Structure formats: C-alpha cells, structure tokens
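Asks: sequence? don't have it. structure:
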C-alpha cells in the first residue's frame with residue numbers, strides 16, 4: 001500500500017515542512033489596503049503555527065477522545081486552516097460556526 005495514500009492532511013503538511021520548508025503555502029494581506037503588502041506563509045511556518053495551536057488547545061482542554069468536536073467561530077481565513085490541522089493532530093474534529 002502506498003504510504004502517502006491514506007494519511008491525515010496534517011501529516012502531509014509536516015512532511016512538506018520537512019522536505020520543502022520554504023515552499024509557499026499562502027499569501028495573506030497584512031492590512032486592509034493593497035499598499036500594506038502581503039505576508040508569505042511557508043510550509044515550515046504553517047507547520048510551526050499548527051504545532052503551536054495544537055499545544056495550546058491540548059494545554060487548555062487536553063487531547064481529543066473519540067473524535068470530540070470543537071467549534072471554530074471567527075473569520076474564514078488562514079487561521080481556520082491552522083485550527084483545523086491542529087485539531088486533527090490532537091484528535092478532535094472541527095465544526096465551523098457561521099458568523100453573519
């Protein structure tokens with residue numbers, strides 16, 4: 001069986017951070033105006049942010065048991081991706097609440 005076929009997305013991120021740390025994951029605006037510029041997020045930066053978020057969640061409420069659900073209530077931006085991957089890493093599933 002192909003070892004890359006059935007694995008968690010967070011494992012793919014960790015592998016990419018190890019093999020291609022400077023690969024671009026996303027460009028996010030640094031402000032509300034185009035003149036504020038953009039911040040490049042690399043795979044290494046993404047993996048580090050995911051690990052920090054996972055550590056924080058685990059420190060506050062512990063590891064997930066039986067795929068418990070955590071809710072995400074905030075803007076739909078790169079932070080949602082970080083939260084999703086962190087939850088996956090420590091055994092939670094995510095439910096995104098819509099903010100209108």
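Replies: Now that the structure is in, tell me what you want to look at. Nothing here was measured: the structure is a model prediction, and the numbers come from that model. Numbering: from 1, shown residues only.
Asks: mind checking how far the nearest residue to residue 42 once chain neighbours are set aside is from residue 45?
Replies: Leaving aside its chain neighbours, residue 42 sits nearest to residue 22 (5.3 Å; criterion: C-beta to C-beta, 6 or more residues apart in numbering). Using the backbone N, CA and C atoms, a C-beta is placed for each residue, glycine as well. Distance of residue 22 to residue 45, computed by C-beta to C-beta, to the nearest Å: 10 Å.
Asks: Looking at those two now, which is surrounded by more residues?
Replies: For residue 22 and residue 45, the more surrounded residue by other C-beta atoms under 10 Å is residue 45, and the numbers stand at 18 against 10.
Asks: Using the three-state scheme, assign the residue nearest to residue 42.
Replies: Using DSSP: H, G, I helix; E, B strand; the rest coil, the secondary structure recorded for residue 22 is coil.
Asks: pretty sure it is touching residue 44, no?
Replies: Yes. At 6.9 Å, residue 22 and residue 44 qualify as touching, with contact defined as C-beta atoms under 8 Å.
Asks: need the contact list for the nearest residue to residue 91 once chain neighbours are set aside.
Replies: With C-beta to C-beta, 6+ apart as the criterion, residue 91 has its nearest non-adjacent residue at 3.1 Å, and that residue is residue 64. Under the criterion of C-beta atoms under 8 Å, 6 or more residues apart in numbering, the neighbours of residue 64 are 70, 87, 90, 91, 92, 93.
Asks: In contact with the fourth one, which residues?
Replies: Looking back up the chat, that one is residue 91. Counting by C-beta under 8 Å, 6+ apart, residue 91 has contacts 63, 64, 65, 67, 68.
Asks: quick one: it and residue 66, what's the gap?
Replies: 8 Å.
Asks: shared neighbours of those two, which are they?
Replies: By C-beta under 8 Å, 6+ apart, residue 91 and residue 66 have no common neighbours.
Asks: Double-check residue 16 against residue 24; I have them as touching.
Replies: No. Residue 16 lies out of contact with residue 24 (C-beta under 8 Å); the separation is 10.9 Å.
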